[in-house]
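Chemist: sequence first, then the predicted structure:
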Amino acid sequence: MNTTIRKPIIAGNWKMNNTVKDSEILIKNLIPLTNNKNCDIIICVPFTNLETAINLTKDTDIKVGAQNCHFENSGAFTGEISPVMLSEMGVEYVIIGHSERRQYFLETDDTINKKIKSAISHDLKVILCIGESLEEREKEITENIVSKQLKLALSNIQEIDLKNIVIAYEPIWAIGTGKTATSKQANNVCKFIRSTILKLYSEVSADNILIQYGGSMNSANASELISEKDIDGGLIGGASLKVSDFSIIINAASTPM
Ligand code: PGA
C-alpha cells in the first residue's frame, strides 16, 4: 500500500457465520485489539447480527457493514433487505458483488451496478468485489474479466461517488480454498484495476481509490500482501472469524511500511 496517499482498510466478511451470541463474544474480544490503529477496520456481519454489532461498536474504531442489499428501497421482494433499512440502522458499509452472490444467487453485473448506485444514494459505502475464476486465470484472461466487471459495475457512476467505493480484488480460486494469490500476482491485478480507474476517471481517482485483496488472506500472509504498493488492505473471510488472526492482520496493515 502507499500509506502517504491511502489509509489501508481491513474488512472482515463473516459470511453466514456467527449467531448473535457468537457475534457478541467475538466483537467484545476484538474491541480492545483495535484501538488507535493506522487502518480502517470493518466487520461485515449477517443481517441478524447488525444491531448487536452496531450497539457494541459504538464509540470504538470498528465500523459495521452488511454483506448484500437490494437496489429497491422497498416493495414485494420477499427475503430481501433494502439500503434504506441498512442506513437507517447505522450500517456504514455494504459488500456488493461478492463472487458467492454472483455464483449462488445469480447476481449479474447489471444488478450489481444498480445495487451500487442505490447503496451510495443512501449514504452507504460500498465494497465492490471483482475477480476471475481459475479457468479464466488459466486462459490468461484475468485482465479482460476484471476490467469488464469493473466497467459494468461502475457504469454511470460519477467520479465524485468513487470516494464511497472500495474495490476488493478477490480471485475466486483463492476464496476459502487456502490458495492465496502470490503477493506479486495480487499486486499486478490491483495495479491493473488502478490503471482501469485511471482510464475510466482520472489519475487523482486512481491514486485515491482503495483496492483490497481478498482470498485466503490470513495471519501468516497478510503482511507480505499488504506491503505491496497497490494493495490497500484486505477483505478477509475465514480468518476474520478468529479474533487473534484478525487482530494480527489488522496489525499488519497498521504498521507503516
Ligand atoms: P476467505 O474469504 O478469506 O475465507 O478466502 C474471502 C472472501 O470471500 O471475502
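Modeler: Received, thanks.
Chemist: check contacts around whatever residue of the stretch 1-150 of the chain ends up closest to the ligand.
Modeler: Nearest to the ligand in the stretch 1-150 of the chain, going by C-beta to the nearest ligand atom, is Asn13, at a distance of 4.0 Å. C-beta: built from backbone N, CA, C; applies to glycine. When contacts are counted by C-beta atoms under 8 Å, 6 or more residues apart in numbering, Asn13 is found next to Cys44, Gln67, Ile95, His98, Gly214, Leu235, Ile236, Gly237, Ser240.
Chemist: how close does it get to Gly234?
Modeler: In this structure, Asn13 and Gly234 are separated by 10 Å, where distance is defined by C-beta to C-beta, to the nearest Å.
Chemist: mind listing the shared neighbours of these two?
Modeler: With contacts taken as C-beta under 8 Å, 6+ apart, the residues that reach both Asn13 and Gly234 are Gly214.
Chemist: what bits of this structure have low per-residue confidence?
Modeler: Flagging of the chain using pLDDT under 70 yields the residue ranges 256-257.
Chemist: near the ligand, which residues of it are found?
Modeler: When proximity is defined by C-beta under 6 Å from any ligand atom, the chain lies next to the ligand at 13, 170, 175-176, 214-217, 235-239.
Chemist: out of those residues, what pair is the most spread apart?
Modeler: Glu170 and Ala239 (13.8 Å; C-beta to C-beta).
Chemist: okay, those two: which has more neighbours?
Modeler: A direct count of neighbours by other C-beta atoms under 10 Å for Glu170 and Ala239 places Glu170 higher, at 29 against 20.
Chemist: from Lys114, how far off is the closest residue to Met85 other than its chain neighbours?
Modeler: Spatial nearest neighbour of Met85, chain neighbours left out: Cys69 (8.0 Å); criterion: C-beta to C-beta, 6 or more residues apart in numbering. For Cys69, the distance to Lys114 (C-beta to C-beta) stands at 11 Å.
Chemist: equivalent analysis for Lys184, please.
Modeler: Lys184 sits 35 Å away from Lys114, taking C-beta to C-beta as the criterion.
Chemist: excluding its own residues, what touches the top helix by length along the chain? List them.
Modeler: When the chain is parsed with DSSP state H, its longest helix is helix 183-200. Counting contacts by C-beta under 8 Å, 6+ apart, the residues outside helix 183-200 that touch it are 130, 142-143, 146-147, 150-151, 154, 162, 167, 169, 171, 180-181, 205-207, 209, 211, 213, 221, 224-225, 227-232.
Chemist: restrict it to CA atoms and write it as CSV.
Modeler: Below are the C-alpha coordinates for helix 183-200, written out as CSV (Å, rounded to 0.1, in the frame of the first residue of the first chain):
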residue,chain,number,x,y,z
SER,A,183,1.7,-11.1,-3.5
LYS,A,184,3.1,-10.3,-6.9
GLN,A,185,0.1,-11.9,-8.7
ALA,A,186,-2.3,-10.0,-6.4
ASN,A,187,-0.5,-6.7,-6.8
ASN,A,188,-0.3,-7.0,-10.6
VAL,A,189,-4.1,-7.3,-10.8
CYS,A,190,-4.7,-4.5,-8.2
LYS,A,191,-2.3,-2.3,-10.2
PHE,A,192,-4.3,-3.1,-13.4
ILE,A,193,-7.5,-2.2,-11.6
ARG,A,194,-6.0,1.1,-10.6
SER,A,195,-4.9,1.7,-14.2
THR,A,196,-8.5,0.9,-15.3
ILE,A,197,-9.8,3.5,-12.9
LEU,A,198,-7.3,6.0,-14.4
LYS,A,199,-8.8,5.3,-17.9
LEU,A,200,-12.4,5.5,-16.7
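Chemist: can you give me the buried ones in that helix?
Modeler: By neighbour count on 16 or more other C-beta atoms under 10 Å, the buried set for helix 183-200 is 183, 185-194, 196-197, 200.
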